[in-house]
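**Student:** build me a model:
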Amino acid sequence: MERDLIYWIHDELQYRGADSSRHIIRFKSKREYLNCLNLISQLKPSLDALPFLQPLPSIQGFSCFLRSASELSSYSDTVSIEEDRKQAVIHAASSSSTRSRSQAKFRVDEQFIPWGVRQIKAPTAWARSTGHKIKIAVIDTGVDYMHPDLQRNVAGGVNVIYRHLLPRDDNGHGTHISGTIAASSQRKGIVGVAPNASLYAVKAFDHNGTAFISDIIFGIEWCIRNRIDIINMSFGMKNSSKALEDTIRKAYEAGVIIVASSGNDGRSGRIDYPAKFPYTIAVGATTKNRKVARFSNRGKTIDIYAPGDKIYSCWLNGKYHELSGTSMATSHVSGVIAMMMAVRGKMSTRTVKDLLKKSSSAIQSKRSTSLDTGEINALQAVRTVMS
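**Tutor:** Numbers count the residues shown, from 1 in each chain. This next block holds a predicted model:
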């Protein structure tokens, strides 16, 4: 049965064309999946299209191009199939007041702490913790690892889209996120929330800020293998994916803390995936006056809020940029969790959620919206874990 399936998939891969689309094939039995892996290893020398079959071991499956998934119905007792759509999108947009560094209200020759980092009281907590050696993976568009404020802290990564290339950012979003998490300028530039954390760039999103589900899954698997402590997921999608949920659950069970943005639709009680999965920490965005940002999703499904409006951070080619979104809020939260873990060590996602809520600052919201949490407070969070 496995051999017939492999030959059929090979034929599909061989004749890949405009009528083909990506799918995720999952085996219902671990034994059958392992048998299939063994057969693929044996048949690769004679079937030249098999290298294009991407294994996804965390979910006992593969990602590949198929012309028609309907023919897999004859293997329904063995496998299940899910369309691998490019549906994940980054959660950010340029602010109307976007400025280059030369236009900013501070001199080029001085160090600058962005308002969000100051509002959550990260600088006052640095005497106790700076996130030293905590490993944070940013599954995003890559990172400008030559940026002067980031090059000290980028410790590694992977380009999921083009495996032979470095995870260089060709969009800017991933670099912006990384700057808020752990920028570490010396005499000039910006400082992030956890300036001594270790950043890992996992490039699963293209230059347009979109990604296939299977590429995100591969990125999460890479994080599990490399013992990452925290995964920042500043992206979302409207539809659920069973394959992605199961992979995130695997990471959760491995002790990885996953922080996800809730979405920028301004909705109450509804948030995007993967923030909606119970294995993640869902983040909403606030403004300078500690109100829920107009664009942010909100409600009881949000675990914590953080600054996300007009956030100034790193950009491509050593520059700086201002963006708004729950993406930006999520990066603040990842930084604070790194500070907490540097003091206390490994914690479960449930423990982290409880501690973040317990130590949060009160925020304002519309009367029609019920909030079960507040804005993240780095100083109180670190004090809480120390006690």
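**Student:** can you tell me the SS state at the closest residue to Cys223 other than its chain neighbours?
**Tutor:** Take Cys223 and drop its neighbours on the chain: the residue closest to it by C-beta to C-beta, 6 or more residues apart in numbering is Ala137, 4.7 Å away. Where C-beta positions appear, they are placed from N, C-alpha and C, glycine not excepted. Look at Ala137: counting by DSSP: H, G, I helix; E, B strand; the rest coil, its state is strand.
**Student:** ok, Ala137 - contacts?
**Tutor:** By C-beta atoms under 8 Å, 6 or more residues apart in numbering, the contact set of Ala137 is 157, 199-202, 219, 222-223, 226, 228, 230-232.
**Student:** would you turn those into a markdown table with neighbour count and secondary structure?
**Tutor:** Listed next are the contacts of Ala137 as a markdown table, based on neighbours: other C-beta atoms under 10 Å; DSSP: H, G, I helix; E, B strand; the rest coil:
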| residue | neighbour count | secondary structure |
| --- | --- | --- |
| Gly157 | 24 | strand |
| Leu199 | 29 | strand |
| Tyr200 | 27 | strand |
| Ala201 | 27 | strand |
| Val202 | 30 | strand |
| Gly219 | 28 | helix |
| Trp222 | 19 | helix |
| Cys223 | 24 | helix |
| Asn226 | 15 | coil |
| Ile228 | 25 | coil |
| Ile230 | 27 | strand |
| Ile231 | 26 | strand |
| Asn232 | 32 | strand |
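**Student:** closest to Leu316 among these?
**Tutor:** Closest approach to Leu316 among the contacts of Ala137 (C-beta to C-beta): Ala201, at 13.1 Å.
**Student:** I figured that closest one hits His173, correct?
**Tutor:** No. Under the criterion of C-beta atoms under 8 Å, Ala201 makes no contact with His173, lying 11.8 Å away.
**Student:** now for the two: what residues contact both?
**Tutor:** With contacts taken as C-beta under 8 Å, 6+ apart, Ala201 and His173 have Asp140 as neighbours in common.
**Student:** how about the helices in this structure?
**Tutor:** 2-14, 30-43, 115-119, 122-125, 173-182, 213-225, 242-253, 326-344, 349-358, 378-386 (DSSP state H).
**Student:** what about the stretch 51-200 of the chain, any weak spots by pLDDT?
**Tutor:** Within the stretch 51-200 of the chain, the segments meeting pLDDT under 70 span 94-109.
**Student:** nearest to Val79, out of the helices of the chain?
**Tutor:** Between the helices of the chain, helix 2-14 lies closest to Val79; by C-beta to C-beta that is 7.3 Å.
**Student:** relative to helix 30-43, how tilted is that closest one?
**Tutor:** 60 degrees (axes from the mean of the first three to the mean of the last three C-alpha atoms, to 10 degrees).
**Student:** show me what helix 2-14 packs onto, helices and strands only.
**Tutor:** Helix 2-14 sits against helix 30-43, strand 61-66, with contacts defined as 3 or more C-beta pairs under 8 Å, 6 or more residues apart in numbering; DSSP states H and E.
**Student:** most packed of the ones you listed?
**Tutor:** strand 61-66 (a mean of 22; mean count of other C-beta atoms under 10 Å).
**Student:** for Gly263, find the nearest of the helices of the chain.
**Tutor:** Using C-beta to C-beta, the nearest of those to Gly263 is helix 326-344, at 6.1 Å.
**Student:** per-residue confidence averaged over the closest one?
**Tutor:** For helix 326-344, the mean per-residue pLDDT is 98.
**Student:** wait, Pro195 sits on Ala125?
**Tutor:** No. The pair Pro195 / Ala125 is not scored as a contact, 11.4 Å apart, by C-beta under 8 Å.
**Student:** what is the burial count for Ala93?
**Tutor:** By other C-beta atoms under 10 Å, the residues close to Ala93 number 13.
**Student:** gap between it and Asn264?
**Tutor:** 7 Å (C-beta to C-beta, to the nearest Å).
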